[in-house]
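[1] attaching a predicted model along with its sequence, questions to come.
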Amino acid sequence: MLIIGIAGGTGSGKTTVVRKIIEKLPQGEVAVLPQDSYYRDNADMPLEERQEINFDHPDSIEFELLVKHLKKLKKGEPIDQPIYSYLTCLRSEETILVEPKEVVIVEGILALTQPELRDLMDLKVFVDCDADDRLNRVIKRDIIERGRSVEKVLNRYEKTVKPMHLQFIEPTKRYADIIVPQGGNNVVAIDILTHFIEKNLIVRM
Ligand SMILES: Nc1ncnc2c1ncn2[C@@H]1O[C@H](COP(=O)(O)OP(=O)(O)O)[C@@H](O)[C@H]1O
Ligand SMILES: Nc1ccn([C@@H]2O[C@H](COP(=O)(O)O)[C@@H](O)[C@H]2O)c(=O)n1
């Protein structure tokens, strides 16, 4: 099994890069563990309080469960992946059964912050993008997909998203084997990543 970590700021294009890698590899060979699925549940808090959580701090993620799941997949065992809603800021009662695959991608803003996770990764990628482009994309996305207003997005950006990016996310660039500028539009980088994965899969078979 090849474990790949893909980090980068919010709106940098991580999900797009993952999607394009999957499209280029044989069907059914990749499992994805989105860090966002592992946001803590906080069901005991009222919605207004949950919406105020600092979702860009490492403590907001149940990394213990993410590491446990990754280790299980590595041992060839399936996992029950949580489902998280950005609208309710809660985990669903249901889970997704994820089977072990030749390639497992762990994707998320904080994916390279945890030493234990990094140690499990065979390849570490940081998707890089200017902050103004990221903010522009996040405003559009959060309004359409996450039910937010422009004002709410900008308040959150100023209060938590930007400071946490500078404190926790940007510094993890130093752990990356590959830094991808222009995210999902970087055809060459996606080609290089796909070739690396294919080469390693052949060697391991
Ligand atoms: N290179 C790009 N140019 C323009 N828009 C992009 C680009 N990459 C991603 N997007 C768009 O920006 C938004 C965030 O991209 P996404 O891949 O979900 O980022 P992330 O997973 O890092 O938050 C999506 O709506 C996506 O379609
Ligand atoms: N309930 C939540 C939880 C997290 N966020 C934000 O999502 C961003 C990370 O997701 P990406 O797809 O952009 O990597 C992060 O900046 C969190 O603030 C949210 O909006 N609502």
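    Cool, the structure landed. Ligands and ions are numbered 1, 2, ... in the order given.

[2] where does the protein have its least confident helix or strand?
    Every helix and strand in the chain was compared by mean pLDDT, DSSP states H and E; the lowest is helix 187-204, with a mean of 89.

[3] what's the burial count for the nearest residue to residue 76 once chain neighbours are set aside?
    Once flanking residues are discounted, residue 76 sits nearest to residue 100: 5.1 Å by CB to CB, 6 or more residues apart in numbering. For glycine as for every other residue, the C-beta is placed from the backbone atoms N, C-alpha and C. Neighbour count for residue 100, taken as other CB atoms under 10 Å: 15.

[4] confidence score at residue 100?
    Looking at residue 100, its pLDDT stands at 96.

[5] flag every buried residue along the least confident helix or strand of the chain.
    For helix 187-204, the buried set under the neighbour-count rule, 16 or more other CB atoms under 10 Å, comprises 189, 190, 193, 194, 196, 197, 198, 200, 201.

[6] wait, residue 150 touches residue 138, no?
    No - the criterion here is CB atoms under 8 Å, and residue 150 misses it with residue 138 at 10.8 Å.

[7] between those two, tell me which one has more neighbours.
    The neighbour comparison of residue 150 against residue 138 (other CB under 10 Å) goes to residue 138, with 21 against 11.

[8] remind me which helix or strand that one belongs to.
    Under the criterion DSSP states H and E, the helix or strand holding residue 138 is helix 131-145.

[9] which helices and strands sit right next to the next helix-or-strand element following that helix?
    Downstream of helix 131-145, the next assigned helix or strand under DSSP H and E is helix 150-156. Packing partners of helix 150-156 (3 or more CB pairs under 8 Å, 6 or more residues apart in numbering; DSSP states H and E): helix 131-145.

[10] any idea where the strands of the protein begin and end?
    For the chain, the strands defined by DSSP state E cover 2-8, 30-34, 79-85, 90-98, 103-107, 123-128, 178-181.
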